[in-house]
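Engineer: Model the following, please.
(2 chains)
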Protein chains: 2
Amino acid sequence: MTLTNHRILLRSRPTGIPYPDDFVSDTEATRRPAKDEVLLETLYLSIDPAMRSWMSENPGYQRAVPLGDVMRGGGIGRVLESRSSDYQPGELVQARLGWQTHPTLPARYLQKLDMAKGDALAWIGPLGLSGVTAYFGMRDIGELTPGDRVLVSGAAGGVGQIAAQIARFEACHVTGIAGGTEKCAYLANELRLDAVIDYKAESDLPAAIGRACPDGIDVYFDNVGGPTLDAALLHLRPQARVVLCGRISQVAADPPYGIRNLGQVLTRRARMQGFQVFSYHDRYEEARTWLAARHQQGQLHQRLHILDGLHHAPEALGMLFRGENNGKLVVRVG
Amino acid sequence: MTLTNHRILLRSRPTGIPYPDDFVSDTEATRRPAKDEVLLETLYLSIDPAMRSWMSENPGYQRAVPLGDVMRGGGIGRVLESRSSDYQPGELVQARLGWQTHPTLPARYLQKLDMAKGDALAWIGPLGLSGVTAYFGMRDIGELTPGDRVLVSGAAGGVGQIAAQIARFEACHVTGIAGGTEKCAYLANELRLDAVIDYKAESDLPAAIGRACPDGIDVYFDNVGGPTLDAALLHLRPQARVVLCGRISQVAADPPYGIRNLGQVLTRRARMQGFQVFSYHDRYEEARTWLAARHQQGQLHQRLHILDGLHHAPEALGMLFRGENNGKLVVRVG
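Structural biologist: Residues are numbered from 1 along each chain as shown, chains lettered A, B, ... in the order given. This next block holds a predicted model:
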């Protein structure tokens, strides 16, 4: 049986938000695995803000995706054929599968899913890299302490949902910022955050943050950057920690928004720190054990926004930057 | 003998750079010390950027100087009359003497100078609060490591001179930014920094920093904020530390300059941290022992810019914000 590998290739480097025209699709015959390689069927692909940076000439970290190459992306796959003694057909793995239906990859690039921790949807969701990012960002960079006043932007997104819940587990007062009534209702009613701000409905975001966080902010977990970050800085408590995790609002901003309230970082003796989850590679297992325990007890939730079919991947990326997703964005391929 | 206490009072709250008109002078008879008080003769007053914030309605930290009160300021004084068993006439002390020639203060507000560490000029200079600020900022906040590439702005100022030299002691590659050829010549020839940037002579500051720091920056010690900070962010190395010590360029900026390059803090996994020396009060002795040892060996220098007479204090503060001082600004009173 010869399978066809449907692929989506990067055609052009976007300025601002990526559009479907930046990609082109093709097909090829699947490549049979060589020694120590595995042929996979892609089941799910995760759509994440960091992917935008890989499309640029100079991502700042990691390597740019070369034009004409399969778009890079992580996901969950099933082993179809293996020439590695470590993998058997039918096993589920996670890897940087790329935007393709049937990748053939070196076995050393794969990680077997521990099904005792959760199923495939758990692994693309709360146990995936966005959950792990939230774990290290909130705990290690944010130095979360029980009782802290915590503000999370992009709180309905892939990382934000988990970050907000981690703070809830530590008995913190948690305020989430999101755009639109549906996302905010989810945060208030299902994730049970203490306060919610719909930034699209607020003409004065600094004042809205002041009302939601009258005692100020000990930890600000920032997924968006720009004016939301600037507004949050006005409410820092002494020795506050600002976790710079993402800046999705600035993808299409040229020039970038100018942050005017950095003086607050000085007067409040606060700390702003950027991080990337890859720095914590050696400790992923710790995070997944912690997240899986709470997920299996039904305490940790993550709403997924699932699009069906590989051909939706290019538009999914644009949705992410326009805030059109309701939950962590996933493309179901298999 | 009745002495006259010449005083300078805060008359109005400045917008932007303080002017002599913001102050008014008067005289009063000195007050004889009550029990546990000391009458002092002011010898030197230190003129520091932080004083501007105390003149505002909401300093952000510490208490505002009330209108009509003696302007707050630290310095060195000599005991004239004591009703405290801890102090004898003739002894030298440091304290927040205020802008006055003959303050009477509670003994518990004074700290006796350890003359074994240095004389009065050493105590107003490298052993004073600006030296102590540089010590904790560079070592604790900057986590200075031998061999680091270090950039210091305001490098010819009170804190900057010491910060740059601390980095030199740790075998770091040190670049100083200052305004004007005279300050830059001092940094290059007397403090022997590895590279010097005269920001007033550069039309493209980011490019100038790139030339001076071709391998990037591990520690940026920022005394100025604004466009200099923004330019430095473009050259951060992975896991760089940005020490937010001061933002003298922003005193008269309304609105404040908008920082556009914060994305570099995220992609470089860098840290920006604000601090104030008062947080380290319990460890001042550690810093002074370290600084005094190097000062006495002739390794640690600090150029002072001394103005003679209390009546120069108001104009001195303006000079500081216009960058007209050559070295740490001091008013000699006694």
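
Engineer: just the helices in chain A please.
Structural biologist: A:50-54, A:120-124, A:129-136, A:158-169, A:181-185, A:205-212, A:226-233, A:263-267, A:284-296, A:313-322 (DSSP state H).

Engineer: Quick one: closest of the ones you listed to chain B.
Structural biologist: Nearest of those to chain B, taken as CB to the nearest CB: helix A:263-267 at 3.5 Å. (C-beta placed from N, C-alpha, C; glycine too.)

Engineer: Show me what that closest one is packed against.
Structural biologist: Judged by 3 or more CB pairs under 8 Å, 6 or more residues apart in numbering or on different chains; DSSP states H and E, the packing partners of helix A:263-267 are strand A:236-244, strand B:271-274.

Engineer: The last one near chain A at all?
Structural biologist: In this case it means strand B:271-274. Yes - looking at strand B:271-274 against chain A by CB under 8 Å from any CB of the partner chain, the contacts come from B:271-274.

Engineer: Now chain A against chain B: closest residue?
Structural biologist: A:Gly258 (1.7 Å).

Engineer: Count the residues that sit near that residue.
Structural biologist: 17 (other CB atoms under 10 Å in any protein chain shown).

Engineer: Tabulate the helices and strands packed on helix A:263-267 in a markdown table, adding columns for mean neighbour count.
Structural biologist: Shown next, in a markdown table, are these (neighbours: other CB atoms under 10 Å in any protein chain shown):
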| stretch | mean neighbour count |
| --- | --- |
| strand A:236-244 | 23 |
| strand B:271-274 | 25 |
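
Engineer: would you turn those strands into TSV with mean pLDDT?
Structural biologist: As requested, these are exported to TSV (pLDDT from 0 to 100):
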stretch	mean pLDDT
strand A:236-244	98
strand B:271-274	98
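
Engineer: Give the closest residue to the residue most central in space within chain A in space, chain neighbours not counted.
Structural biologist: A centroid search over chain A (CA atoms, centre = their mean) returns A:Ser130, at 4.0 Å, as the residue closest to the centre. Spatial nearest neighbour of A:Ser130, chain neighbours left out: A:Gly158 (3.7 Å); criterion: CB to CB, 6 or more residues apart in numbering or on different chains.

Engineer: now swap in A:Gly258 and tell me
Structural biologist: Nearest non-adjacent residue to A:Gly258 (CB to CB, 6+ apart): B:Gly258, at 1.7 Å.

Engineer: Provide a list of residues in contact with the one you found.
Structural biologist: Contacts for B:Gly258 were tallied using CB atoms under 8 Å, 6 or more residues apart in numbering or on different chains; they are A:257-260.

Engineer: Contact partners for A:Leu10?
Structural biologist: Neighbouring residues of A:Leu10 by CB under 8 Å, 6+ apart: A:22-23, A:55, A:65-71.

Engineer: List only those of those flagged as buried.
Structural biologist: Neighbour counting with 16 or more other CB atoms under 10 Å in any protein chain shown marks A:22-23, A:55, A:65, A:70-71 as buried within the contacts of A:Leu10.

Engineer: of the residues you listed, closest to B:Arg303?
Structural biologist: Checking the buried ones among the contacts of A:Leu10 against B:Arg303 with CB to CB, the nearest one is A:Met55 at 51.1 Å.

Engineer: so what pLDDT did the residue nearest to A:Gln296 when sequence neighbours are not counted get?
Structural biologist: Distance criterion CB to CB, 6+ apart; nearest residue to A:Gln296, sequence neighbours excluded, is A:Gly118 at 7.0 Å. As predicted, A:Gly118 sits at a pLDDT of 96.

Engineer: what do you get for A:Leu151?
Structural biologist: For A:Leu151, pLDDT reads 98.

Engineer: hang on, the earlier thing: the helices of chain A: which one's closest to B:Ile124?
Structural biologist: For B:Ile124, the closest of the helices of chain A is helix A:263-267, at 24.3 Å, according to CB to CB.

Engineer: beta partners for the spatially closest residue to A:Asp26 that is not a sequence neighbour?
Structural biologist: Spatial nearest neighbour of A:Asp26, excluding adjacent residues (CB to CB, 6+ apart): A:Arg7 at 5.6 Å. A:Arg7 forms beta bridges with A:Asp26, A:Gln100, as assigned by DSSP bridges.

Engineer: Pretty sure the residue nearest to A:Ser130 sits against A:Gly74.
Structural biologist: No - counting by CB atoms under 8 Å, A:Gly74 is not a contact partner of A:Gly158; they are 11.7 Å apart.
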